[in-house]
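**Student:** sequence and predicted structure below; questions after.
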Amino acid sequence: GEDVEQSLFLSVREGDSSVINCTYTDSSSTYLYWYKQEPGAGLQLLTYIFSNMDMKQDQRLTVLLNKKDKHLSLRIADTQTGDSAIYFCAETPGSGNTGKLIFGQGTTLQVKP
Amino acid sequence: GAVVSQHPSWVICKSGTSVKIECRSLDFQATTMFWYRQFPKQSLMLMATSNEGSKATYEQGVEKDKFLINHASLTLSTLTVTSAHPEDSSFYICSARRALRGGLRDEQYFGPGTRLTVT
């Protein structure tokens, strides 16, 4: 079945890099996403990667995809206190275009000054 | 960027009453909207897919008679929690799907969520 797993918590110091990891089970996923959720708010799309790509960089964000291992990571360079939030990875299961998203449990990122 | 609003942002209701939550896409038309439920410190669980002009598709385990979804227009979907009970207390988030040009990919934009507390 469809399943997305993430580690639950990560703590880093301001200025360090953060790496948030995610594994998924559906090898036919077309797109994989990273969303950010601040307390009491909805989700903000940070970035996405198409399944035939290995890496995507967008300013401070770098997404790495290892399709063989079904492993996705999000690296945040020069992490700031404003990056403290919950980060969700999500996949679009199957090759169909239903728009359905399956989310991981979310990783709480704590950035210490 | 695309904006999705939800109303109300929070609501407290008594057990046994019904509550309606609205989800609007403000600057684009959304043929599909999704309703999610999120418990504290947990992930988002998809409840149903709402297509404009047709019946919603519910995920397994979601009671369609309890969570009524109406997608009356391309910019509005509503979720009504009927005969609410304390276990229905949760954070309800909607998202609206917007097709991108070229049909290569679409994007989902999320509303800010509605906190429902049933007493």
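**Tutor:** Thanks, I have the structure now.

**Student:** residue A:13: neighbour count?
**Tutor:** 10 (other C-beta atoms under 10 Å in any protein chain shown). To be clear about C-beta, it is placed using only N, CA and C from the backbone, and glycine gets the same treatment.

**Student:** check contacts around the nearest residue to residue A:44 once chain neighbours are set aside.
**Tutor:** By the measure of C-beta to C-beta, 6 or more residues apart in numbering or on different chains, the closest residue to residue A:44 outside its immediate chain neighbours is residue A:36, 4.9 Å from it. Residues counted as contacts of residue A:36 (C-beta atoms under 8 Å, 6 or more residues apart in numbering or on different chains) are A:43-44, A:46, A:85-88.

**Student:** pretty sure residue B:77 is touching residue B:94, no?
**Tutor:** Yes: using C-beta atoms under 8 Å, residue B:77 is in contact with residue B:94, at 6.5 Å.

**Student:** mutual contacts of these two, please.
**Tutor:** Joint contacts of residue B:77 and residue B:94 (C-beta under 8 Å, 6+ apart) are B:23, B:33, B:35.

**Student:** picking up where we left off before, make CSV from the contacts of residue A:36 and add neighbour count to it.
**Tutor:** Output for the contacts of residue A:36, formatted as CSV (neighbours: other C-beta atoms under 10 Å in any protein chain shown):
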residue, neighbour count
A:43, 28
A:44, 14
A:46, 17
A:85, 20
A:86, 21
A:87, 23
A:88, 24
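
**Student:** beta partners for the residue nearest to residue A:44?
**Tutor:** Note on residue A:36: beta-bridge partners residue A:44, residue A:87, judged by DSSP bridges.

**Student:** from residue A:49, how far out is it?
**Tutor:** 16 Å (C-beta to C-beta, to the nearest Å).

**Student:** swap in residue A:105?
**Tutor:** 20 Å.

**Student:** pretty sure residue B:8 contacts residue B:113?
**Tutor:** No: the pair residue B:8 / residue B:113 is not scored as a contact, 10.6 Å apart, by C-beta under 8 Å.

**Student:** between the two, which is the more surrounded one?
**Tutor:** Higher neighbour count among residue B:8 and residue B:113: residue B:113, with 23 against 13, using other C-beta under 10 Å.

**Student:** how about the strands in the chain?
**Tutor:** I'll assume chain A. Listed in chain order, the strands of chain A (DSSP state E) span A:4-6, A:9-13, A:18-24, A:31-37, A:43-50, A:55-58, A:61-66, A:71-76, A:85-91, A:102-103, A:107-112.

**Student:** you answered for a different chain; I wanted chain B.
**Tutor:** Using DSSP E, strands in chain B cover B:4-7, B:10-13, B:19-25, B:32-38, B:44-51, B:57-58, B:67-73, B:76-81, B:90-99, B:106-110, B:114-118.

**Student:** any residues of chain B in contact with chain A? List them.
**Tutor:** When proximity is defined as C-beta under 8 Å from any C-beta of the partner chain, chain B approaches chain A at B:4, B:6, B:32, B:34, B:41-44, B:46, B:49, B:93, B:95, B:97, B:105-113, B:115.
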